[in-house]
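Participant: Just to be clear, the model below is a prediction. Sequence and coordinates:
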Amino acid sequence: IDLIKAFYVISKGKWKVAAITLIIFLGTFIYLQIQPPLIFNATTKIKSVTNAEIEKYQSFNQFLQKSDDGYWNNYTINAPYLKKLYIEQLNNTKIFEEAINESNLINRTNFNDSESYESSIKALASGISLHHIRKDENSEDHLNTHEIKFTHSNEEGWKKVLLSVDAKIHENIRIYLLDRLKTAIKIKKQRKDYAIDDLELRKQNELTDFNYETMRKINNLELRKRNALIDYDRETTRRLAFLNEQAEIARTLGISKSTLETQMFSSQSGQILTVGTDIPFYLKGYEAIEKEIELISARENKKLFIESFMSIENQLRDLKHIKESQKIENKIFTESFMNIEDQIRSFNQDKTVQRIEDVSKTIPVMDMKTFKAVELKIETTKFAYSSMRQTTLLLAAVLGFIIGVFYVIVSNSFREHEKRLVDF
């Protein structure tokens, strides 16, 4: 084979080689264009939000953690919790079904009825998979623990689906967090109101019990007063009867003055004057006895002569004063009552719920435009094509070139052979 001659022939017929190569390449390209769209495997990573984003919740979380009873600790917002909520939403295929329908990833006109169209959407959505990737926590990429994988042929359509799904999930999470916080605040307010109501009821019961006990004591003392007067009258009547009897005996015996004898006894320490106590009373003399009768009968204020009456009236006065004060101030000064009032005051002065409401207004959840639960890396989605389009086009170009060269060499050989035959 004369290589120099071959190269000369090829260079001379280079335009034929180029034309044949171009024709085969274009034919292959047109053929590939009329073939079904290329299939790709898309992989989209889900990353937790950055520390800068979580710092926006710092003051809110700190305030909740410092709450008195630990009730608010379950309502702090952090990156793992936000990602957990996002993943839970991703596992709901209905969100993908809605997004596929809205983005027209499937052409509705290709279906005869809505039922078959919806079935196709459900089948396509069921092919979307979520993968948990366990990575080395020491690596910079350790937060990329989840990936969305999907097989299709429309890159832009799939990106639209991801954008729609991401927006829907973020709005769902935002609404959930807001409702959860509102419910927690509502429950806390209700608990506070119920606690105050219970304390007010206990307070009212304390007042009722106190009034009942006070009235019982007052009634008991009033009864003691009446009984003391009755007992005095009985005792006075009995005493006067006894004195009248003794005075009559003394008159009958003519004893006007006391004839009671005294006896003197000596002891080492001195003399002791004793009076016999078993001597009849009438020996005092009717003058003394009748004087006693006169004085007893002349008494106008019986209360002064009842030993316990003054004590009873003092107790009554104190109880009535307490009752009157309670009626005016609607309070009593018992330890249990004051403790209840302290608890009510403490509840009324507790502004925790109000402060949480104020602090919550500054967190990103309140703003739909700035809220982020995760970072869905749609722009860095990897599309791995299963087709050999580029390889096929390259092979077509190489094959066209080879065929062009072969055609030029063979056609030149035929011309030379024909020329030799003519010369011969």
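Facilitator: Perfect, I can see it now.

Participant: hey, which strand is longest across the chain?
Facilitator: Taking DSSP state E as the criterion, the chain has its longest strand at strand 40-48.

Participant: what does the average pLDDT come to for the very next helix or strand once past that strand?
Facilitator: With elements assigned by DSSP states H and E, the helix or strand that comes after strand 40-48 is helix 51-54. Averaging pLDDT along helix 51-54 gives 91.

Participant: Just the residues contacting helix 51-54, thanks.
Facilitator: Outside helix 51-54, the residues that touch it by Cβ atoms under 8 Å, 6 or more residues apart in numbering are 78, 79, 364, 372. For every residue, glycine as well, the C-beta is placed using N, CA and C.

Participant: Give me the sheet partners of the longest strand of the chain and which way each runs.
Facilitator: Within its sheet, strand 40-48 is paired with strand 146-152 (antiparallel), strand 374-376 (antiparallel), strand 382-385 (antiparallel), according to DSSP bridges.

Participant: Return the set of buried residues in the longest one.
Facilitator: By neighbour count, and taking 16 or more other Cβ atoms under 10 Å as the criterion, the buried residues in strand 146-152 are 146, 147, 148, 150, 152.

Participant: Please verify my assumption that the third one contacts residue 41.
Facilitator: No - at 11.4 Å, residue 148 and residue 41 do not qualify as touching, with contact defined as Cβ atoms under 8 Å.

Participant: for the residue lying closest to residue 381 once chain neighbours are set aside, what are its contacts?
Facilitator: Once flanking residues are discounted, residue 381 sits nearest to residue 44: 4.5 Å by Cβ to Cβ, 6 or more residues apart in numbering. By Cβ under 8 Å, 6+ apart, residue 44 lies in contact with 147, 148, 149, 162, 376, 377, 378, 380, 381, 382.

Participant: re the thing from before, just put the strands paired with strand 40-48 in JSON lines and tack on distance to residue 126 and mean pLDDT.
Facilitator: Below are the strands paired with strand 40-48 laid out as JSON lines (distance: least, Cβ to Cβ, whole Å; pLDDT from 0 to 100):
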{"stretch": "strand 146-152", "distance to residue 126": "11", "mean pLDDT": "89"}
{"stretch": "strand 374-376", "distance to residue 126": "20", "mean pLDDT": "90"}
{"stretch": "strand 382-385", "distance to residue 126": "21", "mean pLDDT": "81"}
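
Participant: Nearest to residue 66 among those would be which one?
Facilitator: Ranking those by proximity to residue 66 (Cβ to Cβ) places strand 374-376 first, at 27.9 Å.

Participant: hmm, who's touching that closest one?
Facilitator: 44, 45, 46, 47, 48, 49, 50, 82, 83, 86, 162, 166.

Participant: circling back to that earlier point, list only buried entries from the contacts of residue 44.
Facilitator: 147, 148, 162, 376, 377, 378, 381.

Participant: Put together JSON lines for those, with distance to residue 354 on each row.
Facilitator: Shown next, in JSON lines, are the buried ones among the contacts of residue 44 (distance: Cβ to Cβ, whole Å):
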{"residue": "147", "distance to residue 354": "44"}
{"residue": "148", "distance to residue 354": "42"}
{"residue": "162", "distance to residue 354": "41"}
{"residue": "376", "distance to residue 354": "36"}
{"residue": "377", "distance to residue 354": "40"}
{"residue": "378", "distance to residue 354": "41"}
{"residue": "381", "distance to residue 354": "45"}
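
Participant: where does this structure dip in pLDDT?
Facilitator: When residues are selected by pLDDT under 70, those of the chain lie in 1-2, 35-38, 68-69, 134-144, 260-278, 326-333, 386-389, 423-424.

Participant: So for it, the centremost residue is which one?
Facilitator: Nearest residue to the geometric centre of the chain (Cα atoms, centre = their mean): residue 184, 3.6 Å.

Participant: Walking through the stretch 251-400 of the chain, point out its helices one by one.
Facilitator: Ranges of helices within the stretch 251-400 of the chain are 286-297, 309-329, 335-349, 352-360, 389-423, based on DSSP state H, counting those that start in this stretch.
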